[in-house]
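A.B. asks: need a structure here:
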Amino acid sequence: MVRIHPFKSIRPSAEHGEQIATLPYDVLNSAEARELGKDNPYSYLHIDKAEIDLPDTLSPYDDQVYAKAADNLRKFLSEQWLIEEKQPALYLYELIMNGRSQTGLVTCTSIEEYEEGKIKKHEFTRPEKEIDRIRHIEACDANTSPIFLTYRAHQNIQQAMDNWKQNHSPVYDFTSFHDVTHKVWVIDDEAVIQTFVTTFETEVPALYIADGHHRTESAVKVGKKIKEAHPEIGDEDEVNYFLSVIFPKEELEILDYNRIVNAPIPENFMEQLEENFTVSTTDKGKPAQPKHFGLYLNGQWYELKAKPQILSEDPVDGLDVSLLQKYVFADIFDIQDVRTDKRIDFVGGIRGMTELERLVDSKQWTAAFAVYPTTMDDLLNVADAGKIMPPKSTWFEPKLLSGLFLHDLETKQQ
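C.D. replies: Next up, the predicted model:
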């Protein structure tokens, strides 16, 4: 069973919530962040991607960037654009997109339980991406953006969240990027908080990382490093926990995560495909069911239907993205490592089939492959098996905004 940890969130003042909250750091490059934050002094990008306040010739990983992030966090606090709660609390965070709602519990979760495997992962991480967030957390002495976790829905937890929402007013309620509505409630009743804590501790066997593997690894490594340097820190101090938002998996949606390739097309490409797929022309690129793929090539969409001999019951080998990787990218294009091979890139499903067409028609890429979305059950089954998904297997929408919650590690008070 898993622990949740109420905490004294650093969060926007009521009047500045919409102005501060912004897209997460890892979906924007520096130029996009600079443009988005230039006319908004309240934007959390001044903290999360502080290079926007420094010359654009400077590397986003320069020491000055992390120092600027810490300076800007102190400024936001001194101006009371961000405020810190007086008492530990829990929070509810609801996102509504295209009429679909998902509500998560904002809390902190245990570094120890992550290392024990009670908080399960499904992706590998890249050290260079970890280092950036490690330095950011250390400079700010805070978990500066939440990890997106999920769990199998529990009736009592769901009822308690619904009751709180029905009987209390949100502290933030606004519509922002991509027409997503964001609402936040503060749970400050000690008895209700304890009910949530007890239910998770006695009835929820595991949590799963939906999105944020690099943030998780970074937070865990910072916490362990601080504890090693300060043996006087107790087991219940804030450095033992990292900021999380936990959603029931039944409310979440994974969009397709499509592939584009820039490589010569073999003369016998269709013949090679037909060894493992049934190939037919179509006017619709988006697959309508699992084990079907869209291929856009030379202005034409094709449907690829996986033949029975390549299907697998293995939780990883049987994934649509795994079939495409093995029987197309590896076998035909000799793309063995999609993390490093520059001949392949990935396009989030929210950008649609027209974006795949545009990229290929522009001649920048030779072919595009549309993939049926990975399911939440796929994700949990892989994690339960202790296995790892191929890179770029999941694209979650809507995105959690950054700047609504920070978790103070309090180490500078030690």
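A.B. asks: pairing partners for the helix or strand bottoming out on mean pLDDT in the chain, with directions?
C.D. replies: When the helices and strands of the chain are compared on mean pLDDT, DSSP states H and E, strand 395-396 comes out lowest with a mean of 88. According to DSSP bridges, strand 395-396 forms sheet pairs with strand 254-255 (antiparallel).
A.B. asks: from the middle of its chain, how far away would the strand it pairs with be?
C.D. replies: A distance of 12 Å separates the centroid of the chain from that of strand 254-255, by Cα atoms, centre = their mean, to the nearest Å.
A.B. asks: then stretch 100-110?
C.D. replies: Distance of stretch 100-110 from the chain centroid (Cα atoms, centre = their mean) equals 13 Å.
A.B. asks: give the buried residues for that stretch.
C.D. replies: Neighbour counts using 16 or more other Cβ atoms under 10 Å place 102-110 of stretch 100-110 among the buried residues. (Glycine included, C-beta is placed from N, CA and C.)
A.B. asks: do the same with stretch 279-295
C.D. replies: 279, 282, 285-287, 290-295.
A.B. asks: over to stretch 329-341?
C.D. replies: Under the neighbour-count criterion of 16+ other Cβ under 10 Å, stretch 329-341 has 329, 332-333, 335, 338 buried.
A.B. asks: and the gap between Asp132 and Glu232?
C.D. replies: According to Cβ to Cβ, to the nearest Å, Asp132 and Glu232 sit 29 Å apart.
A.B. asks: which one of the two has more residues nearby?
C.D. replies: Asp132 (17 against 7; other Cβ atoms under 10 Å).
A.B. asks: I'd guessed the more buried one sits against Tyr61; true?
C.D. replies: Yes - at 6.1 Å, Asp132 and Tyr61 qualify as touching, with contact defined as Cβ atoms under 8 Å.
A.B. asks: give me the pLDDT for Glu236.
C.D. replies: At Glu236, the pLDDT value in this model is 84.
A.B. asks: okay, now it: neighbour count?
C.D. replies: Here the number of neighbours of Glu236 (other Cβ under 10 Å) works out to 8.
A.B. asks: next: Arg3.
C.D. replies: 18.
A.B. asks: wait, it touches Phe200, no?
C.D. replies: Yes - the pair Arg3 and Phe200 passes the contact test of Cβ under 8 Å, sitting 6.9 Å apart.
A.B. asks: next, the buried residues of stretch 402-414.
C.D. replies: Neighbour counts over stretch 402-414 (16+ other Cβ under 10 Å) mark 402-409, 411 as buried.
A.B. asks: could the residues you listed be laid out in TSV, adding secondary structure, distance to Ile350 and pLDDT?
C.D. replies: Output for these, formatted as TSV (DSSP: H, G, I helix; E, B strand; the rest coil; distance: Cβ to Cβ, whole Å; pLDDT from 0 to 100):
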residue	secondary structure	distance to Ile350	pLDDT
Ser402	strand	18	96
Gly403	coil	21	97
Leu404	coil	21	98
Phe405	coil	24	98
Leu406	strand	27	98
His407	strand	28	97
Asp408	strand	33	96
Leu409	coil	33	94
Thr411	helix	38	86
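A.B. asks: next one: stretch 233-248 to chain centre, how far?
C.D. replies: That offset, for stretch 233-248, works out to 18 Å (Cα atoms, centre = their mean).
A.B. asks: equivalent analysis for stretch 400-410, please.
C.D. replies: On Cα atoms, centre = their mean, the centre of stretch 400-410 falls 15 Å from that of its chain.
A.B. asks: picking up where we left off before, contacts for the least confident helix or strand of the chain?
C.D. replies: Contact with strand 395-396 is made by 148, 210-211, 252-257, 348-350, 373, as judged by Cβ atoms under 8 Å, 6 or more residues apart in numbering.
A.B. asks: kindly report the same for stretch 344-357.
C.D. replies: 178, 255-262, 284-286, 294, 296, 329, 333, 335, 338, 359, 365, 368, 370, 373, 391-392, 395, 397.
A.B. asks: now the buried members of those.
C.D. replies: 256-262, 285-286, 294, 296, 329, 333, 335, 338, 359, 365, 368, 370, 373, 391-392, 395, 397.
A.B. asks: how about Lys286, what does it touch?
C.D. replies: By Cβ under 8 Å, 6+ apart, Lys286 lies in contact with 256, 294, 353, 370.
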